[in-house]
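S.K.: predicted coordinates and the sequence they were generated for:
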Amino acid sequence: MNNCVSRIFAAATLLQLYLVDPFKTTGHSNPNVQEAVDRVILEIEMHPEVPSARRIAWPICIAGCVADQAHRSFFEDLLLNVLQEADGSMSNCETVLNIMRTCWRYQLDEPDLQWDCGRTMERMGIRALLI
């Protein structure tokens, strides 16, 4: 299980690097970004027992914020499943879900800006430690 979680974090780290690259294509049209989102999803799905969203809140937030419309429900469902559990409140999952949904709304309202997890939290006025 630890190897699986490490691979998920590694895929999300690569995605984060694409997002901070000063030479990237503006917006989410950079094919590397969506390929990296796909890789995060693949790493989550590859393990027979999907790790709890509580353990992978940061990768979910990083990838979920920039996921295209077709993949957003994947990340949203991971978080909603944890929040429906009795101990779902003992995590960052609600915060991550709020950040992702806010980011998606900003992407619709201001499509000319590069909206990701960091910029969204900055606009929201929060500094969440997503561990």
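M.R.: Right, received. Where do you want to start?
S.K.: what ranges do the strands span in this protein?
M.R.: Applying DSSP state E to the chain gives no strands.
S.K.: kindly list the longest helix within it.
M.R.: Longest helix in the chain by number of residues (criterion: DSSP state H): helix 2-20.
S.K.: quick one: distance of that helix to the chain centre.
M.R.: Mean-position distance between helix 2-20 and its chain equals 10 Å (CA atoms, centre = their mean, to the nearest Å).
S.K.: start at 39 instead
M.R.: Noted, 39 is the first residue going forward, which turns the last one into helix 40-58.
S.K.: now it: mean pLDDT?
M.R.: Summarised as a single mean, pLDDT over helix 40-58 is 90.
S.K.: ditto for stretch 92-99
M.R.: Computed over stretch 92-99, the average pLDDT equals 92.
S.K.: let's see it as PDB, backbone CA atoms only.
M.R.: Output of stretch 92-99 as PDB, limited to C-alpha atoms (Å, rounded to 0.1, in the frame of the first residue of the first chain):
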ATOM      1  CA  ARG A  92      -7.800  10.900   3.700                       C
ATOM      2  CA  ARG A  93      -4.300   9.500   2.800                       C
ATOM      3  CA  ILE A  94      -4.100  11.200  -0.600                       C
ATOM      4  CA  ALA A  95      -5.800  14.500   0.000                       C
ATOM      5  CA  TRP A  96      -2.900  16.500  -1.600                       C
ATOM      6  CA  PRO A  97      -2.700  14.600  -4.900                       C
ATOM      7  CA  ILE A  98      -6.500  14.600  -5.200                       C
ATOM      8  CA  CYS A  99      -6.600  18.400  -4.700                       C
END
